[in-house]
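1. got a sequence here, can you build the structure:
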Amino acid sequence: MQPLSYAARLTAGPLAALAGLLVAEAAILGAFLTETVSAPAALAAHGITLLIFVARRSVFADDLTHCVIALLLAASAGPVGAAAALALYLILARTPVSQHELESWYRQISGLGEANPAVTLHAQIVDGRARRPNRTAVAHFPSVLEGPLAQQQALLGLIGLAYHPDYRPLLGQALRSAEPSIRVHAAAVSVKLRARARLELQRSQAGAQSPATPADLLVQAVELARIAEGGFLEEADARSARESAAALCEQALALAPGHRGATALLCSLLAGLGRWEDVLARSASVSYRRGDRLAEATAESLMQLGRTQDLHALLVRAADASRNGGRHAVPV
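-> A predicted model of the protein is given here:
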């Protein structure tokens, strides 16, 4: 059990000073109300009393806070303020405070205190920067498909509800599972995703018929490209989706020539259709940024066409431009 102390130390010096202040202020107020002294004389006596109280501040050597509070209260409210200061001192002198609370308060007002570990940990958990420790490490998706049956089924349910193209290898792994029920579940998820992809393709192609701004056309093209790259369409449907997306990019570039986003997406779609020369023709007037979609389509086109020297020159100039902070056009 932690030892307790009090918010104020009850000693004779401060107690006598506060009591004397109260008596003097009460006497001055009584003399003024009985018209024994005039108002200027009462104010002068009030000031002298406060000066005497300040001169006796050494009795509050342990903590001058009470002295300042009493001075302000008495100066503004006379005997009522002095009585309030005396009552406050007596109450604080009987208020128990643990040593831990005092140390925490002193650290807080000093600005140098250490944070409460429990509060810090709670804040980290709420913010997602910490998680409850356990005996086992967090399992990755590929290892889940080799674990208990219930976890494998839960993972396949997650893939079916919130599919991402990065999940396709996991679905293929589940389709090759040695467990028959997992293969059946994975096949059902695959059928569901194929049906969803065909429905999304029909909706996107229907929405692409209406005229729109370049930004709307680019959004529609991005959606068609996403569906085509999802891997759940037949080859003919995937090619049709890429061609529709490429046509939308062409329309966007006709309305906004030189639009980099539309050009990069168009080159990526043309590369997916095997139209390598068209990719290089489109990328010739656009600066090269290493690592983006346009760069990948350009490099793939040069490799497919066997233009190794141009590819080498492109990569060398890309490295030089990266070091110098600049960009350069793609060779044709």
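2. show me the shaky parts of the stretch 151-300 of the chain.
-> Residue ranges of the stretch 151-300 of the chain with pLDDT under 70: 207-212, 284-292.
3. tell me which other helices or strands the biggest helix by length in the chain touches.
-> Criterion DSSP state H: the longest helix present in the chain is helix 180-207. Using 3 or more Cβ pairs under 8 Å, 6 or more residues apart in numbering; DSSP states H and E, the elements in contact with helix 180-207 are helix 149-161, helix 168-175, helix 214-229, helix 235-255. (Each C-beta comes from the backbone N, C-alpha and C, glycine too.)
4. now, of those helices, which is deepest in the fold?
-> Each of these was scored by mean neighbour count; the highest is helix 214-229, a mean of 21, by mean count of other Cβ atoms under 10 Å.
5. and that helix, what does it pack onto?
-> Helix 214-229 packs on helix 180-207, helix 235-255, helix 260-272, going by 3+ Cβ pairs under 8 Å, 6+ apart.
6. make TSV out of the helices and strands packed on helix 180-207 and add distance to residue 124.
-> As requested, those are exported to TSV (distance: least, Cβ to Cβ, whole Å):
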stretch	distance to residue 124
helix 149-161	26
helix 168-175	30
helix 214-229	36
helix 235-255	44
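7. now for the ones you listed, which one comes closest to residue 23?
-> Nearest of these to residue 23, taken as Cβ to Cβ: helix 149-161 at 79.9 Å.
8. tell me which of the helices and strands packed on helix 214-229 sits nearest to residue 307.
-> The nearest among these, by Cβ to Cβ, is helix 260-272 at 14.3 Å.
9. ok and the closest one relative to helix 235-255, angle-wise?
-> 150 degrees (axes from the mean of the first three to the mean of the last three Cα atoms, to 10 degrees).
10. relative to helix 214-229, how tilted is helix 260-272?
-> With the same axes, to 10 degrees defining the directions, helix 260-272 sits at 30 degrees from helix 214-229.
11. got the buried residues for helix 260-272?
-> Using 16 or more other Cβ atoms under 10 Å as the test for burial, helix 260-272 gives 261-272.
12. helix or strand for residue 89, which one?
-> Using DSSP states H and E, residue 89 sits in helix 79-93.
13. residue 116 is nearest to which of the helices and strands packed on helix 214-229?
-> helix 180-207 (47.0 Å).
14. tell me the gap between that closest one and the middle of its chain.
-> The chain centroid and the centroid of helix 180-207 are separated by 34 Å, computed with Cα atoms, centre = their mean, to the nearest Å.
15. quick one: buried residues of it?
-> Quick answer for helix 180-207 (16+ other Cβ under 10 Å): 182, 185-186, 189-190, 193-194, 197, 200-201, 204-205.
16. please apply the same query to stretch 78-92.
-> In stretch 78-92, the ones that count as buried by 16+ other Cβ under 10 Å are 78-79, 81-86, 88-89, 92.
17. tabulate those residues (CSV), appending pLDDT and distance to residue 66.
-> CSV is the format used below for those (pLDDT from 0 to 100; distance: Cβ to Cβ, whole Å):
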residue, pLDDT, distance to residue 66
78, 89, 18
79, 91, 17
81, 91, 13
82, 89, 12
83, 92, 14
84, 91, 12
85, 89, 7
86, 89, 10
88, 88, 8
89, 86, 6
92, 84, 8
